[in-house]
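1. Mind looking at a prediction? Sequence and model below.
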Amino acid sequence: MKLGEMIEAMGGVESISGQADVEVSGVAYDSRRLEAGDVFVALRGENFDGAAYVADVLERGASAVVAEGPARPEAMDAQTPYVGVTEARAALAHLASVFYGHPSKGMEVIGITGTNGKTTTAHLLRAAFSAFGKKAGMVGTINYYVGDEALPAPFTTPEAPEFQGLLARMLQAGCTHVASEVSSHALAQRRADSTRFSAAVFTNLTGEHLDFHHTMDEYFRAKSRLFLELLDGPAIINMDDPYGRELAGMCQGRVITYAIGQEADIVARDIKSGREGLSFSVTFEGKSHEVSSSMLGRPNVWNVLAAAGACVSLGLDMGGSLLAISKADAVNGRFMKVEEGQGFLCIIDFAHTGDALRRLIESAREFTSEGGRVITVFGCGGDRDRSKRPVMGAAATQLSDLSIITSDNPRSENPETIIEDIVRGAGSGNYMVEPDRAKAIHAAMAEASPGDTVLIAGKGHEDYQETDGVRTGFSDIEKAREAIHSMGKGG
């Protein structure tokens with residue numbers, strides 16, 4: 001493909017030097033991964049400036065350079081084209097979409113954003129599409145899926161060239177529908193720009209990623225980009241969330257709202273939440289539908305409604321959608337039961353914000369036996385939003401009978417420092433501290449008696465623990481199973 005074809009209709013072009021008829025064989029933003037013939041887009045980050053690597057990429061055979069502002073004469077040569085742009089990330093998204101043939105235009109791509117519930121909603125949507133005979137893809141936190149083929153997911157929403165390449169692969173494989181998580185980082189960094197979203201789901205917004213977004217208003221603005229700038233279809237919005245209500249009033253196109261027990265287009269009522277799952281009724285367009293699901297916890301009601309709303313926004317039948325969604329398997333590491341014949345309930349969940357942890361514990365209360373205790377094991381990740389640590393400490397100790405505060409992924413931080421931040425919110429709650437996560441899980445199992453519920457929160461599906469930049473194998477699911485059996489409490 002010629003560079004001139006790729007930059008045609010690209011906004012924000014300030015200058016072009018050199019011949020635009022050069023052939024381009026790929027799009028790169030990482031100088032270390034650039035191959036000869038790639039156009040190099042120089043991104044600016046907090047700790048680096050891609051423009052500093054222009055000389056390197058020219059030596060590696062870059063076909064052209066795209067960067068913000070005018071070219072640096074000392075870096076460029078006379079032959080290689082240079083395109084000066086106002087915003088390199090927007091240019092990267094445009095170039096990637098053009099290079100891969102605008103794959104989103106050939107499929108129904110549903111974007112899902114919010115603090116909590118993205119992964120489960122995407123999983124339910126993929127299951128529903130498959131039940132309707134659609135070949136579906138998925139972009140998400142646990143795995144990417146091209147039909148039934150699972151691929152590793154290093155990022156919830158990858159950078160634009162990988163994202164567009166993944167969509168192109170799905171289209172080539174015959175996928176007609178895609179459920180894609182769209183993170184706030186991706187929206188702020190324009191990774192999903194130049195993508196046609198046929199529908200978009202807003203789950204909720206609570207305190208998270210404020211180390212990156214700084215304020216809740218900035219966080220909300222990032223999320224709202226999916227609906228106000230990228231969406232080419234209906235918006236499906238949670239009206240139980242105050243930011244959802246605000247967003248619904250901002251959208252210009254069709255809005256399908258959902259809620260529990262209050263006015264909305266899709267309403268859930270009569271919810272029964274127990275150890276065996278959920279049952280509730282759903283009202284839509286004057287008709288009532290009964291839902292029975294093996295998924296645990298009241299928060300999953302919102303996920304079911306969100307997925308069903310996305311289905312009907314694309315013209316699928318509500319009754320059939322709910323039936324397919326209710327039959328979907330549980331998501332790995334999301335409100336997941338560990339069943340080893342023990343006399344108490346053990347649940348693994350990804351909850352890693354104050355709101356998510358609060359909802360997890362409140363849900364566990366609903367199906368913990370009378371007189372039984374809720375025992376919560378949790379920590380907070382290092383090098384991430386510190387403001388949520390005392391909030392999580394308060395939520396766990398106020399709502400649990402016993403909290404065991406431990407490490408999550410400390411990354412480059414001292415685990416003891418992270419725990420100190422958590423404990424500041426714990427007050428006089430009933431808690432203990434055990435920095436070693438495996439020992440903390442064992443301690444919870446030692447405390448548990450028949451009728452209790454043990455919650456292990458924060459890591460969910462993850463199979464590693466990251467300390468000092470090194471990842472070592474660690475699974476909450478496996479550690480829980482080991483602990484149950486090592487104490488002779490398994491069946």
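-> Perfect, I can see it now.

2. residue boundaries of the strands in the stretch 151-300 of the chain?
-> Counting by DSSP state E, counting those that start in this stretch, the segments of the stretch 151-300 of the chain that form strands are 177-181, 199-202, 235-238, 255-260, 266-274, 277-284, 287-293.

3. residues of the longest one that come out buried?
-> If I follow you right, that is strand 266-274. For strand 266-274, a neighbour-count test (16 or more other C-beta atoms under 10 Å) marks 266-268, 273 as buried. Every C-beta, even on glycine, is put in place using the N, C-alpha and C of the backbone.

4. any chance of these in a markdown table, with distance to residue 287 and pLDDT too?
-> As requested, the buried residues of strand 266-274 are exported to a markdown table (distance: C-beta to C-beta, whole Å; pLDDT from 0 to 100):
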| residue | distance to residue 287 | pLDDT |
| --- | --- | --- |
| 266 | 11 | 98 |
| 267 | 11 | 98 |
| 268 | 14 | 98 |
| 273 | 23 | 92 |
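
5. would you list these in CSV and tack on distance to residue 86?
-> Listed next are the buried residues of strand 266-274 as CSV, based on distance: C-beta to C-beta, whole Å:
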residue, distance to residue 86
266, 41
267, 45
268, 45
273, 51
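
6. just the residues you listed now: which is nearest residue 51?
-> residue 266 (48.5 Å; C-beta to C-beta).

7. Spatially nearest residue to the closest one, not counting backbone neighbours?
-> Once flanking residues are discounted, residue 266 sits nearest to residue 258: 4.1 Å by C-beta to C-beta, 6 or more residues apart in numbering.

8. what do you get for residue 18?
-> Per C-beta to C-beta, 6+ apart, closest to residue 18 is residue 81, 3.4 Å.

9. which stretches of the stretch 201-350 of the chain have low pLDDT?
-> Residue ranges of the stretch 201-350 of the chain with pLDDT under 70: 209, 211, 213.

10. what are the phi and psi values for residue 405?
-> Dihedral pair for residue 405: phi -90, psi 130, per degrees, to the nearest 10.

11. Which residues belonging to stretch 244-253 are considered buried?
-> 244, 247-248, 251.

12. Show the contacting residues for residue 44.
-> Residue 44 is in contact with 50-51, 68, 88, counting by C-beta atoms under 8 Å, 6 or more residues apart in numbering.

13. and what of residue 373?
-> Taking C-beta under 8 Å, 6+ apart as the test, what residue 373 contacts is 401-402, 447-449, 452-453.

14. Turn those into CSV, columns for pLDDT.
-> As requested, the contacts of residue 373 are arranged in CSV below (pLDDT from 0 to 100):
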residue, pLDDT
401, 96
402, 97
447, 96
448, 96
449, 95
452, 96
453, 97
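
15. How is this protein divided into domains?
-> 3-89, 103-326, 336-486 (automatic domain parsing).

16. Dump the ones you listed to TSV, plus distance to residue 96.
-> Listed next are the domains of the chain as TSV, based on distance: least, C-beta to C-beta, whole Å:
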stretch	distance to residue 96
domain 3-89	5
domain 103-326	4
domain 336-486	28
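
17. Which one, of the ones you listed, ends up nearest to residue 95?
-> Of the domains of the chain, nearest to residue 95 by C-beta to C-beta is domain 3-89, at 5.0 Å.

18. burial of residue 395, as a residue count?
-> 28 (other C-beta atoms under 10 Å).

19. Also residue 320?
-> Residue 320, neighbours per other C-beta under 10 Å, totals 16.

20. Might one say that it is in contact with residue 133?
-> No: in this structure, residue 320 is not within contact of residue 133 by C-beta atoms under 8 Å, at 10.9 Å.

21. List the residue ranges of the stretch 51-200 of the chain that fall below the pLDDT cut-off.
-> Residues of the stretch 51-200 of the chain meeting the criterion pLDDT under 70: 73-74.

22. Helices of that one, start to end?
-> 54-59, 88-99, 118-131, 160-172, 184-188 (DSSP state H, counting those that start in this stretch).

23. CSV for those helices, including mean neighbour count?
-> Listed next are the helices of the stretch 51-200 of the chain as CSV, based on neighbours: other C-beta atoms under 10 Å:
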stretch, mean neighbour count
helix 54-59, 17
helix 88-99, 25
helix 118-131, 26
helix 160-172, 23
helix 184-188, 21
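
24. Nearest to residue 362 among the ones you listed would be which one?
-> Of all those, helix 118-131 comes closest under C-beta to C-beta, at 17.2 Å.

25. by how many degrees do the closest one and strand 177-181 diverge?
-> Orientation check (axes from the mean of the first three to the mean of the last three C-alpha atoms, to 10 degrees): helix 118-131 against strand 177-181 gives 170 degrees.

26. just how off-centre is helix 118-131 within its chain?
-> Centroid displacement of helix 118-131 relative to its chain, using C-alpha atoms, centre = their mean, to the nearest Å, is 13 Å.

27. Same check on stretch 371-388?
-> 19 Å.

28. and it, C-alpha only, in CSV?
-> In CSV, the C-alpha atoms belonging to stretch 371-388 read as follows (Å, rounded to 0.1, in the frame of the first residue of the first chain):
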residue,chain,number,x,y,z
GLY,A,371,-24.6,-17.7,61.5
GLY,A,372,-21.9,-18.2,58.9
ARG,A,373,-19.0,-15.7,58.5
VAL,A,374,-17.6,-13.9,55.5
ILE,A,375,-13.8,-14.1,55.4
THR,A,376,-12.1,-11.9,52.8
VAL,A,377,-8.6,-12.2,51.5
PHE,A,378,-7.4,-9.2,49.4
GLY,A,379,-4.6,-6.8,48.6
CYS,A,380,-3.9,-3.9,46.2
GLY,A,381,-1.5,-3.8,43.3
GLY,A,382,1.6,-1.7,43.3
ASP,A,383,2.5,1.1,41.0
ARG,A,384,-1.3,1.8,40.6
ASP,A,385,-3.9,4.2,42.0
ARG,A,386,-2.9,4.6,45.7
SER,A,387,-6.1,6.4,46.5
LYS,A,388,-8.2,3.2,46.4
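
29. Quick check: mean pLDDT of that stretch?
-> In this model, stretch 371-388 has an average pLDDT of 94.

30. Show me which positions of that stretch end up buried.
-> 372-382, 384-385, 388.

31. closest to residue 442 among these?
-> Of the buried residues of stretch 371-388, the one sitting nearest to residue 442 (C-beta to C-beta) turns out to be residue 377, at 9.9 Å.

32. Can you tell me who that closest one pairs with across the strands?
-> residue 404, residue 456 (DSSP bridges).

33. Contacts for stretch 456-466 next, please.
-> Contacts of stretch 456-466 (C-beta under 8 Å, 6+ apart): 141-142, 331-334, 336, 346-352, 357, 360, 376-381, 407-411, 437, 441, 444, 471-476, 480.
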